[in-house]
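>>> got a predicted model here, sequence first, then my questions.
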Amino acid sequence: MSIRHGLLALLERGPRYGSQLRTEFESRTGSTWPLNVGQVYTTLGRLERDGMVAQGGRDEAGHELYTITDAGLTELRTWFEKPVDRTSPARDELAIKLAMAVGAPCVDIRDVIQSQRRHTVKAMQDYTRLKAQALLAVESGGARERDDVAWLLVLEQLIFQTEAEARWLDHCEARLIRLSALAPTTGSATPPAAAAPAAPAVAAAATDPTDATTGTPGAR
Amino acid sequence: MSTQQPVLQLQNLTRVHGAGATEVHALRGIDLAVYPGELVAVMGPSGSGKSTLLTIAGGLDTPTSGHVIVENTDITTASVKELAALRRRSIGYVFQDYNLIPALTAAENVALPRELDGTSARKARVEALAALEEMGLGHLADRFPDEMSGGQQQRVAIARALVGDRRLVLADEPTGALDSETGESVLALLRSRCDAGAAGVLVTHEPRFAAWADRVVFLRDGAIVDQTVRSEADSLLSGQVAEA
């Protein structure tokens, strides 16, 4: 789990105490993944059990300090070197939802796509505004610059992720329109609408002249 | 925001191309108001009517029915002369391919709409230099378009769109010809001009650029089907991301 490695990475810079680690973890990641002090101490306890950190004295204010061990350094380096696994994709609720919405009688898949698109684009708007602030902070420099850079990278990852999702949603919509336009007729009097049970509203819209342009290969 | 007068108002706007069997409804009853300080992005697939919306809002095309009100003037009922004056004084247009005049420098390009509007050449130049300076483009003032990168040309085009008292900028895929990094810098400039009080409408199919807007309007088959409003600062990243 990445909290473990995150703490090791912070300890590589020198001995630290628990709540200090929590503060530093959060300022690097902009509180995107909030940690509580309890989690930090539980994780430190496990790291100590596994011989990766050791308790080593107190600072002037009496905080108990943790230090990374050689075994901890080796673990940290291995973590940095080894790519994050992408070959066994995490379960993605949206992909599952859309897969289930194809042909579902109780819902119009186009509505599912649009309500997700609204939500995703809105999240992008929020991240983008935070990014503009983070950029300003980085450009103005200062003591916290390294944290600001880290936070900027995390934000940009969120933007790239949501962007990929928004593009995929656009693609799904265009794909469904194209498929419903191509669908073979089943002998009904209203061919496209009747022939595409997978996407009823899309097919109905495709009978509209303006929608023909929406279904062209150029549509994204 | 709602206490202010909108800079641009589209009321029940329709646009039909052709007639009879080949009739195409490019816009069907669009209502939209854009206020000072607001950047609105219009998204939609090709053919959804977004460019038609922008050309009509800018007075470059006329609607089949409905009204376009810019700074309290209805441009659908204005005379040709009034419309031309409004386009010079109130509306700035930014195109995908910059549309700077190649034989003029950046400063001359920016000064041109002011000169056409009767401002003396000297005053127009002073205003143009001030506009360029304010947007961090002062160093480009004496360059010709072919001596500037695409991103620089597009930023000069934004300066030209907003020189003088103009505060409505209509941008049609302004980042279309730019790489994404440069596109971001163009959007950042547009955003900052809106933060400074301008009203902007941005047509784009790129979610990443639309995300710079205060509001994103989704167009489908000539109608607004949905829109988003960005959150207020405090609600950002509150739990919503923890699940990701």
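Thanks, I have the structure now.
>>> tell me which residues of the lengthiest helix in chain A are tucked away?
If each helix of chain A is counted by residues according to DSSP state H, the longest one is helix A:145-182. By neighbour count on 16 or more other Cβ atoms under 10 Å in any protein chain shown, the buried set for helix A:145-182 is A:147-148, A:150-152, A:154-155, A:158-159, A:162-163, A:165-170, A:172-174, A:176-178, A:180-181. Any C-beta I mention is one placed from the backbone N, CA and C, and that applies to glycine too.
>>> out of those residues, which are close to chain B?
A:Leu158, A:Ile159, A:Thr162, A:Glu163, A:Ala166, A:Arg167, A:Asp170, A:Glu173, A:Ala174 (Cβ under 8 Å from any Cβ of the partner chain).
>>> what are the boundaries of the strands in the chain?
Just going to use chain A. Under the criterion DSSP state E, chain A contains strands at A:53-58, A:64-68.
>>> chain B was what I was after
Going by DSSP E, chain B shows strands at B:8-17, B:24-34, B:39-43, B:65-70, B:73-74, B:91-94, B:168-172, B:199-203, B:215-220, B:223-229.
>>> quick one: low-confidence parts of the chain?
You didn't pick a chain, so chain A it is. A:1, A:142-143, A:184-220 (pLDDT under 70).
>>> you answered for a different chain; I wanted chain B.
For chain B (pLDDT under 70), the answer is B:1-3, B:231-244.
>>> list, one by one, the residues from chain B near chain A.
B:22-26, B:43, B:45-49, B:188, B:191, B:205, B:207-208, B:210-214, B:216, B:218, B:220-222, B:225-231, B:233, B:236-237, B:240-242, B:244.
>>> buried ones among those?
B:24-26, B:43, B:45-49, B:188, B:191, B:205, B:207-208, B:210-214, B:216, B:218, B:220-222, B:226-228, B:230-231, B:236-237, B:241.
>>> what sits against the residue most central in space within chain B?
Geometric centre of chain B, nearest residue: B:Leu170, 1.6 Å, by Cα atoms, centre = their mean. Counting by Cβ atoms under 8 Å, 6 or more residues apart in numbering or on different chains, B:Leu170 touches B:Leu54, B:Ala57, B:Gly58, B:Ile91, B:Gly92, B:Tyr93, B:Val94, B:Ala161, B:Gly200, B:Val201.
>>> and the helices in chain A?
Applying DSSP H to chain A gives helices spanning A:2-11, A:18-29, A:37-49, A:70-81, A:93-101, A:109-140, A:145-182, A:191-195, A:200-206, A:211-214.
>>> just send those back as CSV, with distance to B:Met148 too.
What follows is the helices of chain A, written out as CSV (distance: least, Cβ to Cβ, whole Å):
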stretch, distance to B:Met148
helix A:2-11, 43
helix A:18-29, 38
helix A:37-49, 52
helix A:70-81, 42
helix A:93-101, 42
helix A:109-140, 22
helix A:145-182, 27
helix A:191-195, 49
helix A:200-206, 43
helix A:211-214, 35
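>>> which one of these lies closest to B:Met135?
Nearest to B:Met135 among the helices of chain A is helix A:109-140; the distance by Cβ to Cβ comes to 15.9 Å.
>>> quick check: angle from the closest one to strand B:223-229?
40 degrees (axes from the mean of the first three to the mean of the last three Cα atoms, to 10 degrees).
>>> and helix A:109-140, what's buried?
A:109-110, A:112-114, A:116-132, A:134-135, A:137-138.
>>> and the angle for that helix with strand B:39-43?
In terms of direction (the same axes, to 10 degrees), helix A:109-140 departs from strand B:39-43 by 140 degrees.
>>> for the longest helix of chain A, packing partners?
When contacts are defined as 3 or more Cβ pairs under 8 Å, 6 or more residues apart in numbering or on different chains; DSSP states H and E, helix A:145-182 packs onto helix A:18-29, helix A:109-140, helix A:191-195, helix A:200-206, helix A:211-214, helix B:207-210.
>>> how about stretch A:59-73: buried residues?
For stretch A:59-73, the neighbour count (16+ other Cβ under 10 Å) marks A:Leu65, A:Tyr66, A:Ile68, A:Thr69, A:Gly72 as buried.
>>> domains for chain A, by residue range?
Taking automatic domain parsing as the criterion, chain A consists of the domains A:2-81, A:93-214.
>>> reformat those domains as TSV; add distance to B:Glu127.
What follows is these, written out as TSV (distance: least, Cβ to Cβ, whole Å):
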stretch	distance to B:Glu127
domain A:2-81	41
domain A:93-214	28
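>>> got the contact list for the nearest residue to B:Ile30 once chain neighbours are set aside?
Once flanking residues are discounted, B:Ile30 sits nearest to B:Leu13: 4.1 Å by Cβ to Cβ, 6 or more residues apart in numbering or on different chains. B:Leu13 sits next to B:Leu27, B:Gly29, B:Ile30, B:Asp31, B:Leu53, B:Ile56, B:Pro63, B:Ser65, B:Gly66, B:His67, B:Val68 when contact means Cβ under 8 Å, 6+ apart.
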